[in-house]
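Q: just the structure for this:
(4 chains)
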4 protein chains.
Amino acid sequence: MSRFQATLDAVAAAMARETERGAPASYIPELAGVDPSRFGVAVAPVDAARPPAAAGDADVRFSIQSVCKVFMLTLALERAGDALWRRVGREPSGDPFNSIVQLEHERGVPRNPFINAGAIVVADVLLADRTPEAAILDVLTLVRRLCGDEGVGCDARVAASEARTGMRNRALANFMAAEGNLRHPVEQVLQVYFHCCAIAMSCRQLAAAGRYLAAAGRTGGCDPVITPQRARRINALMLTCGHYDASGEFAFSVGIPGKSGVGGGILGVVPGVASLAVWSPGLNAKGNSLIGSKAMAMLAARTGWSVFGPLDDPAPGR
Amino acid sequence: MSRFQATLDAVAAAMARETERGAPASYIPELAGVDPSRFGVAVAPVDAARPPAAAGDADVRFSIQSVCKVFMLTLALERAGDALWRRVGREPSGDPFNSIVQLEHERGVPRNPFINAGAIVVADVLLADRTPEAAILDVLTLVRRLCGDEGVGCDARVAASEARTGMRNRALANFMAAEGNLRHPVEQVLQVYFHCCAIAMSCRQLAAAGRYLAAAGRTGGCDPVITPQRARRINALMLTCGHYDASGEFAFSVGIPGKSGVGGGILGVVPGVASLAVWSPGLNAKGNSLIGSKAMAMLAARTGWSVFGPLDDPAPGR
Amino acid sequence: MSRFQATLDAVAAAMARETERGAPASYIPELAGVDPSRFGVAVAPVDAARPPAAAGDADVRFSIQSVCKVFMLTLALERAGDALWRRVGREPSGDPFNSIVQLEHERGVPRNPFINAGAIVVADVLLADRTPEAAILDVLTLVRRLCGDEGVGCDARVAASEARTGMRNRALANFMAAEGNLRHPVEQVLQVYFHCCAIAMSCRQLAAAGRYLAAAGRTGGCDPVITPQRARRINALMLTCGHYDASGEFAFSVGIPGKSGVGGGILGVVPGVASLAVWSPGLNAKGNSLIGSKAMAMLAARTGWSVFGPLDDPAPGR
Amino acid sequence: MSRFQATLDAVAAAMARETERGAPASYIPELAGVDPSRFGVAVAPVDAARPPAAAGDADVRFSIQSVCKVFMLTLALERAGDALWRRVGREPSGDPFNSIVQLEHERGVPRNPFINAGAIVVADVLLADRTPEAAILDVLTLVRRLCGDEGVGCDARVAASEARTGMRNRALANFMAAEGNLRHPVEQVLQVYFHCCAIAMSCRQLAAAGRYLAAAGRTGGCDPVITPQRARRINALMLTCGHYDASGEFAFSVGIPGKSGVGGGILGVVPGVASLAVWSPGLNAKGNSLIGSKAMAMLAARTGWSVFGPLDDPAPGR
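A: From the prediction side, this is the model:
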């Protein structure tokens, strides 16, 4: 049995006792309807030979939403190389995730690839003069390979709902197109973006898929996914920009690189040690999973993973 | 001899060979006139019984400038406790260090204590209805205790030059006073701030002074400086906000919590391992020490200190 | 012969001698290709019994572009009444015509109906749950009635080009939709907006069409077009907001309410006296007709129409 | 008796009946304590031989506050000429009167001379390497000459209160100094500005003082105060920028160039006809005199002075 199993069981038990669980995202029915009592957690050690540990609803699939930005960026960096950084920045934004003011101030260049505008530029890179379907399939192929499960796919209803309600993302995309920072038709770019956000995965799959970031860009037995330098770049971006306007808070309370999505999932990376995923659909005021963040903090406290020094354990009594 | 000595010697030798060294800050004569060929580095292990290692101009004093914000925050947190966070935020700003737009947008509450506006609020907390001299002495007393050297002091000419040219800081302070976020007269608050920035220290002193942040808030033999939780908070802030608009870049290229100053100094913290200080007066385009950043990156690469995975060594040939 | 004829002839002659004429708008081929040597001017006295005076290319049709916002607003005010002002402001914007920052700051409510965002809200009001074609026909019907010419129509190629290149307007529209300030599908709203901008009229037609604004909302023999109060409101908006970021300059140099378009046309209103129209396709740095503005200034100087006191005549020798 | 007397009496009588009168400015005690039932009005015909008409508290002195910006600008334009416009703009700001965002966006150049930042630049021009006292005396000398009363002066307590509470103006001034747009020490510039705002005048004096703006820059018998072109420039600025964020509303409801102050005074200009002044200390939500604005509207309606067409009379029954 994995050395992490007991810790995950304790985390899942503690989270089950939490009564304040936040509310699921309400802007599309597919997210609004998810049961807030759900909670899953999984840890994938860097050594691919060792199986992931998991607890709770670790095999229930959920909409990974913005967590997909990590995989989109990975693929875009391999495609475009460092030229990507001429079209999107690498610094924290200090603004909510969909601010358009920053875009106007900086002439259509988003601050980083983890705010929506930045991920839309990344989607434009992924299109590469092909069909949206081809670009979406590329991301799916990467994710399937990373988690070793061909069954991973997009939830078509989620993607359709995103497209129907995504006026703010459409505003961002059109603004960047006007500034010359999109190369393909706006609707095609958004189609890629919305479909990637609609990828459905379980915690176990997500933890496995993120393992390469903990393993210097490699994943067991295969060719490297990306170079060690780019893995480090993504990890640094996750720590400084992975939680929108609450990135600083997550750095303090958890202390590991992480990327959250409004579906309630969070991917975490402990370089050289493990990747991990938690999921609980209720969100806090900043749009990140309330129970998921708490679980991450408890996990980091018990494992000593925080890069900033020892953490208080939010659930000391076992 | 310290196990770090050979590495520091190699770093100092490599940095001596660098020809592009940036230009010292030019806004006050005391900084503009410093010789850009200077370079110092020092490492203080968490175990206070073990002496710091050092190389280059590690005993030459320089103006620590914004590095003082770390010590000011430490003291203010002990004084005001978490109530401080009602008056200053804890998130990256995404703006240059002296932007006033953010302040207007957020009604006089700065984004974090490491941008100038935030440190001015911290100076206001330190005043605590006393004279500016008393508040400045408090900070000096802390720093002297931390580095074990009663000789550390403020450079009066630097402080006077800062006061004479600090119109932008005066604008920030008056704006926050208008919004009710300063409790003492603006000029008194600025006097504290300018004098703290004018503290002069050597790399060896600075590394020693920062050791408590690597040691969960304790420093050898004494009472704790701050709680482990607050040390972690400061470390997280250093990583996400310590280099203004280049914090993301420093996180990637060095990967440890750091705080830079326009005097060319950088304080770094490796939790559980060591604190370190580098100094070279020439700055890069973002206002951080050019050679200092490079030295930090080389040091982190050779020690494996980066929290985001293995670094490329910028000076592989020894 | 009209008492204005000699003045118009002198203005046309003076403008023909001007060598610096600006460059036509370049963002769509239909505007870019217009001959910059063109110039037309027409004046329609408030007394509808008296014929308009005209000179130069006064019967050549051009794309009225943003001048259409005056007619759109007139119709929307009659439809929605003062409730319109809950969705769009009435103050100068102090920003370029397509700034999105203001929109974000004020939660999707544009500053006034003469910036693009404001006119897009007006287009949404005009839609009123009908087809875009019906709304466009409404505006055309009003304009045809006002100028007494059933032949006025939209230039379909211009409208198509606007739609193809209008990413920034699409960004504005989507942003307002996200904030809940559009009631119809964004593309339908934009279709109305783009087609209104593509209305083609001559100076003689445009001057006649604007006469109701000089005549307290009435036009000869017919029912009132709008109430006197709304005519005054529109005139005040034209003076304070009619030339985007150069409205203050136009107020000074011409001193009458005016609305310009990037097609090079300007509609002017002298309450109680006359309406006037000028056209010359070359633009100045602020996007207003260079020769048109100069002609307006000369005309105002010779007629004493400036509301701010006597003007210098830019072409004193006749 | 003046032909305006009956109208002014009717206006004063109607205003006396108004029960909603707003609240005086509260930020300094000298303004907060003024009786809100006060109301004065005066009209000075362009023909200086004809005496001003007046009604109500037309001879009670009040703090003219921002109305002083008109006289400061007049003097600065004569001193610096059009070079002034390189340091301050001439367009409406679209922001509240003390926004610092615009200043940062435009590198320390205020949008127009009637927002606080713009008037502070004007004060810097007036200093001209002399003492603040000399510059203040210059403005007083101009105002005294214009209204023909040597007794006009500054209220020292008001000026002292302004200086004590003027943190936001101090922020603006320091910001502009940091951007290089102030040439003299900030505190000296503010001393000039605060003292000009503290000038105390009656409606009768203020109406007389503004007469030159209605008379193409001349005032009876004397040398011209300014050129006709500059008088027109100031009138145009008053119409587009004279009421901060409510300038568009004043243009609509009154329709003449006007400049308001938080002391409750408003100066109006009808080019070629008359200048006028009203005063009532209670303010509306935008910081302009509530009863004063209403009185101006009634006066404009009854005289037909609105430049945008006939006004509704807000008090039709006499």
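
Q: residue A:223: neighbour count?
A: Residue A:223 has 6 neighbours, counted by other CB atoms under 10 Å in any protein chain shown. C-beta here means a position set from N, CA and C on the backbone, and glycine is covered the same way.

Q: dump the residue contacts of the spatially closest residue to residue A:107 that is not a sequence neighbour.
A: Nearest non-adjacent residue to residue A:107, counting by CB to CB, 6 or more residues apart in numbering or on different chains: residue A:179, 5.5 Å away. Neighbouring residues of residue A:179 by CB atoms under 8 Å, 6 or more residues apart in numbering or on different chains: A:103, A:107, A:108, A:109.

Q: same thing but at 10 Å, please
A: Applying CB atoms under 10 Å, 6 or more residues apart in numbering or on different chains, one finds that residue A:179 lies in contact with A:103, A:104, A:106, A:107, A:108, A:109, C:167, C:168, C:171.

Q: ok, those vs chain D, which is closest?
A: Set against chain D, the nearest of the contacts of residue A:179 by CB to the nearest CB is residue A:104 (10.4 Å).

Q: I figured that closest one hits residue C:105, correct?
A: No. Counting by CB atoms under 10 Å, residue A:104 does not reach residue C:105; the two are 11.1 Å apart.

Q: higher neighbour count, those two?
A: residue A:104 (20 against 16).

Q: any idea of the pLDDT on that one?
A: On the pLDDT scale, residue A:104 is placed at 77.

Q: which helix or which strand is home to it?
A: Taking DSSP states H and E as the definition, one finds residue A:104 inside helix A:101-105.

Q: now for that helix, which elements pack on it?
A: Where contact means 3 or more CB pairs under 10 Å, 6 or more residues apart in numbering or on different chains; DSSP states H and E, helix A:101-105 is packed against helix A:116-127, helix A:167-178, helix B:101-105, helix C:101-105.

Q: put the alpha carbons of that helix into CSV.
A: What follows is helix A:101-105, C-alpha atoms only, in CSV (Å, rounded to 0.1, in the frame of the first residue of the first chain):
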residue,chain,number,x,y,z
VAL,A,101,-8.3,46.5,-18.2
GLN,A,102,-4.9,44.9,-18.0
LEU,A,103,-5.3,43.8,-21.6
GLU,A,104,-6.0,47.3,-22.8
HIS,A,105,-3.1,48.7,-20.8
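
Q: so how far is it from its chain's centroid?
A: The chain centroid and the centroid of helix A:101-105 are separated by 24 Å under CA atoms, centre = their mean, to the nearest Å.

Q: give me the distance between the residue nearest to residue A:51 when sequence neighbours are not counted and residue A:255.
A: Leaving aside its sequence neighbours, residue A:51 sits nearest to residue A:2 (CB to CB, 6+ apart; 6.6 Å). As for residue A:2, its distance to residue A:255 is 22 Å (criterion: CB to CB, to the nearest Å).

Q: more neighbours: the two, which one.
A: Comparing residue A:2 with residue A:255 by other CB under 10 Å, the one with more neighbours is residue A:255, at 29 against 16.

Q: wait, is the more buried one part of a helix?
A: No. Judged by DSSP: H, G, I helix; E, B strand; the rest coil, residue A:255 forms no part of a helix; its state is coil.

Q: thought it was touching residue A:296?
A: Yes. Counting by CB under 10 Å, residue A:255 does reach residue A:296; the two are 9.4 Å apart.

Q: quick check: neighbours shared by these two?
A: A:268, A:305.

Q: ok so, going back, out of the helices and strands packed on helix A:101-105, which gets nearest to residue D:71?
A: With CB to CB as the measure, helix B:101-105 is the member of these nearest residue D:71 (29.5 Å).

Q: neighbours around residue A:53, how many?
A: Using other CB under 10 Å, residue A:53 is surrounded by 24 other residues.

Q: which ones are touching the closest residue to chain D within the stretch 101-250 of chain A?
A: Using CB to the nearest CB, residue A:105 is the residue of the stretch 101-250 of chain A that sits closest to chain D, at 8.4 Å. Contacts of residue A:105 were listed using CB under 10 Å, 6+ apart, and they are A:99, A:111, B:95, B:101, C:101, D:105.

Q: give me the buried subset of those residues.
A: Neighbour-count burial (16 or more other CB atoms under 10 Å in any protein chain shown) applied to those gives A:99, A:111, B:95, B:101, C:101.
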